[in-house]
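Enquirer: can you look at this prediction? I've put the sequence above it.
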Amino acid sequence: MATLGFTRDDFGVFRIEDFSARMNEIYARIRPRLLRLGAQLAPELGRRLQLEFFPHVAKHARRAVNPPPETWAAFGPSPKGYKRYGYLALCVSRAGLHARAVVKSEADGRVQMADAIVARADDLQKSWRGTRIGRYDDWDFGTLPEEVPASTELLTAVSTSLRKRTGGIDLGFGWPPAQAARLDRAELLDAFRELEPLYRILRSMG
């Protein structure tokens with residue numbers, strides 16, 4: 001299967017310090033790929049997970065000074081937007097590519113999501129037996145976060161974060177630039193499939 005279309009040089013866009021220069025490169029090089037992949041992946045995710053997905057590619061319209069450290073295509077349940085829900089995301093940063101399950105602080109039903117994660121922690125751990133996963137809610141955007149076992153401690157920390165006023169979830173898998181340049185759609189979809197048990201909980205409560 002063909003690769004996703006990213007090159008190692010694409011990830012260097014996020015090393016550009018000037019705001020306008022980085023934004024221009026994101027719009028010229030990264031965003032077109034994410035738009036194409038969003039349109040391709042949404043129906044494939046839908047078939048694999050038996051759920052409807054709508055793609056949304058970040059515009060960064062509110063930024064005027066600090067350039068974004070990453071950009072993304074989000075896959076959620078509504079054609080009108082994604083931040084009010086739990087969603088899946090294909091993210092691009094100087095650290096590489098990432099497949100993530102995300103809940104932002106503005107999402108609806110975060111407390112209910114936290115309760116559901118605690119209630120179904122045993123099922124999640126069984127689904128993720130042997131899986132190592134990274135937390136992206138507090139990282140430096142330059143080095144992939146360490147992937148750790150999907151333990152009770154991790155799920156407790158995630159549910160605690162969801163209950164905070166500005167808290168959320170950002171968990172997933174990452175590939176550094178050299179690997180990301182060789183990644184194909186099947187491998188990416190397999191990673192999203194690994195996130196399915198958590199995403200189903202988030203979607204049912206959002």
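Expert: That came through fine. Numbers count the residues shown, from 1 in each chain.
Enquirer: pLDDT weak spots in this structure?
Expert: Low-confidence segments of the chain, defined by pLDDT under 70, span residues 1, 206.
Enquirer: for it, longest helix please?
Expert: Assignment by DSSP state H gives helix 31-49 as the longest helix of the chain.
Enquirer: mind listing what's buried along it?
Expert: Under the neighbour-count criterion of 16 or more other C-beta atoms under 10 Å, helix 31-49 has R31, R33, L34, L37, G38, L41, A42, L45, L49 buried. In this view, the C-beta of every residue, glycine as well, is placed from N, C-alpha and C.
Enquirer: then stretch 71-86?
Expert: T71, W72, A73, A74, F75, G76, Y82, K83, R84, Y85, G86.
Enquirer: give me the contact list for it.
Expert: 26, 30-31, 34-35, 37-38, 41-42, 45, 51-58, 60, 87-92, 101-104, 106-108, 113, 169, 199, 202-203, 205-206 (C-beta atoms under 8 Å, 6 or more residues apart in numbering).
Enquirer: just those: which are in strands?
Expert: Within the contacts of stretch 71-86, residues falling in strands by DSSP state E are 54-57, 87-92, 101-103, 169.
Enquirer: counting neighbours, which of those residues comes out on top?
Expert: V103 (30 neighbours; other C-beta atoms under 10 Å).
Enquirer: now do the contacts for that residue.
Expert: For V103, the contact set (C-beta under 8 Å, 6+ apart) comprises G86, Y87, R110, M113, L162, G168, I169, D170, L202, G206.
Enquirer: how far away is the closest residue to the second one other than its chain neighbours from R182?
Expert: Counting by C-beta to C-beta, 6 or more residues apart in numbering, G76 is the residue found nearest to Y87 once chain neighbours are left out, at 3.9 Å. G76 sits 28 Å away from R182, taking C-beta to C-beta, to the nearest Å as the criterion.
Enquirer: cool, P68 as well?
Expert: For P68, the distance to R182 - C-beta to C-beta - is 25 Å.
Enquirer: ok, now which ones touch A42?
Expert: Counting by C-beta under 8 Å, 6+ apart, A42 touches F53, F54, P55, F75.
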